[in-house]
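Chemist: Here is my input, please return the structure:
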Amino acid sequence: IARKLLHKYNGIEILAYVSKVQDIGCSVDDDTFTMEDVDANMVRCPDQAAAETMLARIDDIRKSGNSIGGVVTCVARNVPAGLGAPVFD
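Modeler: Model prediction:
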């Protein structure tokens, strides 16, 4: 709900995607990717080639009964200067 309100009234976009799984990274332009790019695959990585490699690694690790680490990148676009800045008394 908050993301929709920020976009509707202020034009602010909040997006997030999986940018790394174990040692597999991706190549994403944070200024241009869309949520449709993120939602296009199960891994939620807008780089389709990297997403396929990530998914294969996740499946291999899952089959061995282990878990795997990753990194999520969050991007906020069109945020006005000073919004969310700390206030000192």
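
Chemist: The residue nearest the centre of the chain in helix, strand or coil?
Modeler: Residue closest to the average C-alpha location in the chain (Cα atoms, centre = their mean): Tyr17, at 1.4 Å. Using DSSP: H, G, I helix; E, B strand; the rest coil, the structure places Tyr17 in strand.

Chemist: Who is it paired with across the strands?
Modeler: Beta-bridge partners for Tyr17, by DSSP bridges, are Thr73.

Chemist: quick one: pLDDT of it?
Modeler: Looking at Tyr17, its pLDDT reads 98.

Chemist: go on, Asp59?
Modeler: Listed pLDDT for Asp59 reads 95.

Chemist: for it, helix, strand, or coil?
Modeler: Going by three-state DSSP: Asp59 is helix.

Chemist: OK, contacts around it?
Modeler: Shown in contact with Asp59 (Cβ atoms under 8 Å, 6 or more residues apart in numbering): no residues. Yep, even glycine has a C-beta here, placed from its N, CA and C like the rest.

Chemist: Over to the one 10 residues further on?
Modeler: For Gly69, the contact set (Cβ under 8 Å, 6+ apart) comprises Val21, Gln22.

Chemist: Distance of it relative to Ile61?
Modeler: 10 Å (Cβ to Cβ, to the nearest Å).

Chemist: anything in contact with each of these two?
Modeler: Joint contacts of Gly69 and Ile61 (Cβ under 8 Å, 6+ apart) are Gln22.

Chemist: check which helix or strand covers Tyr9.
Modeler: If you go by DSSP states H and E, Tyr9 is part of helix 2-10.

Chemist: Now that helix: average pLDDT?
Modeler: If you average the pLDDT values across helix 2-10, you get 91.

Chemist: and it, how far from the chain's centre?
Modeler: Here helix 2-10 is found 18 Å from its chain centre; the criterion is Cα atoms, centre = their mean, to the nearest Å.

Chemist: For this protein, which helix or strand comes out least confident on mean pLDDT?
Modeler: Ranked by mean pLDDT, DSSP states H and E, the helix or strand of the chain with the weakest confidence is helix 2-10, at a mean of 91.
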